[in-house]
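A.B. asks: Below is the structure, and that's it, no one-letter string:
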């Protein structure tokens, strides 16, 4: 029996097998979260953000175009709050076909957890067990799973916002590992604009991102590592 278990363990640990198992795990969790997305109804703020935000004039005009969302978020910024990027995403999801919105939401869920997995497992062979573990932990200990993952307005604020932030942080993580990076001028402009967008998601996560990057840059300077312009911009 011990010999059989060792053979099974050896087989499952092979790089090719782990890669296949990882693809299967991604497919499984995508399917599960998509089913939950389909079953979860529109509610609460979803109804309000289906309309052009204009509290001053008690607007009851539905969002009919991308331009309407820009108008809505302009009003929203002065009347309610400054989470313009994520609320733009929320209104976009509520504007398009709801089935497509639920599909996109499921892809973003998988994208977020694959990025977390990629950071943890960087430079190592595929590890399906790690990806499964991360998802199970999320499902079991997240106190507001439905609000953060399934509710369209909530997911735009937190799930989509988290993916934007982790995508922005990832190049800094790569620089931290390699201590070197190409530094063309357009990359600095790109990171300046991306930084504005990510800082415009929501106040708590963006503040954590800023603190993290300041600590990282301070550590690298302490190590006397030259920072490329894009890192500072």
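C.D. replies: Perfect, thanks for sending it. Quick caveat: nothing in here was measured; it's all calculated off a predicted structure.

A.B. asks: Quick check: phi and psi at the residue nearest the centre of the chain.
C.D. replies: Centroid-nearest residue in the chain: residue 163, 1.3 Å away (criterion: CA atoms, centre = their mean). Dihedral pair for residue 163: phi -60, psi -40, per degrees, to the nearest 10.

A.B. asks: what separates the nearest residue to it once chain neighbours are set aside from residue 125, distance-wise?
C.D. replies: Closest residue to residue 163 apart from its sequence neighbours, by CB to CB, 6 or more residues apart in numbering: residue 112 at 4.5 Å. Heads up, the C-betas are built off the backbone N, CA and C, glycines and all. Counting by CB to CB, to the nearest Å, the separation of residue 112 from residue 125 is 22 Å.

A.B. asks: chain center to stretch 215-233: distance?
C.D. replies: Offset of stretch 215-233 from its chain centre (CA atoms, centre = their mean, to the nearest Å): 25 Å.

A.B. asks: outside of it, which residues touch it?
C.D. replies: Stretch 215-233 is contacted by residues 171-172, 175-176, 179, 181-183, 185, 187-192, 195 when judged by CB atoms under 8 Å, 6 or more residues apart in numbering.

A.B. asks: what does stretch 177-193 give?
C.D. replies: With CB under 8 Å, 6+ apart, stretch 177-193 has contacts from 122, 123, 171, 174, 175, 220, 225, 228, 229, 230, 231, 233.

A.B. asks: Pull out the buried residues from these.
C.D. replies: Neighbour-count burial (16 or more other CB atoms under 10 Å) is assigned, among the contacts of stretch 177-193, to 171, 175, 220, 228, 230, 231.

A.B. asks: residue contacts, the first one?
C.D. replies: When contacts are counted by CB under 8 Å, 6+ apart, residue 171 touches 181, 191, 230.

A.B. asks: if we go to 10 Å?
C.D. replies: 181, 187, 190, 191, 194, 230, 231 (CB atoms under 10 Å, 6 or more residues apart in numbering).

A.B. asks: next one: residue 104
C.D. replies: Contacts of residue 104 by CB under 10 Å, 6+ apart are 37, 89, 92, 93, 96, 152, 155, 160.

A.B. asks: swap in residue 38?
C.D. replies: 98, 99, 102, 103, 106, 150.

A.B. asks: could these go into a markdown table alongside pLDDT?
C.D. replies: Output for those, formatted as a markdown table (pLDDT from 0 to 100):
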| residue | pLDDT |
| --- | --- |
| 98 | 90 |
| 99 | 91 |
| 102 | 93 |
| 103 | 93 |
| 106 | 94 |
| 150 | 89 |
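
A.B. asks: List buried members of those residues by neighbour count.
C.D. replies: Buried among those by 16+ other CB under 10 Å: 98, 102, 106, 150.
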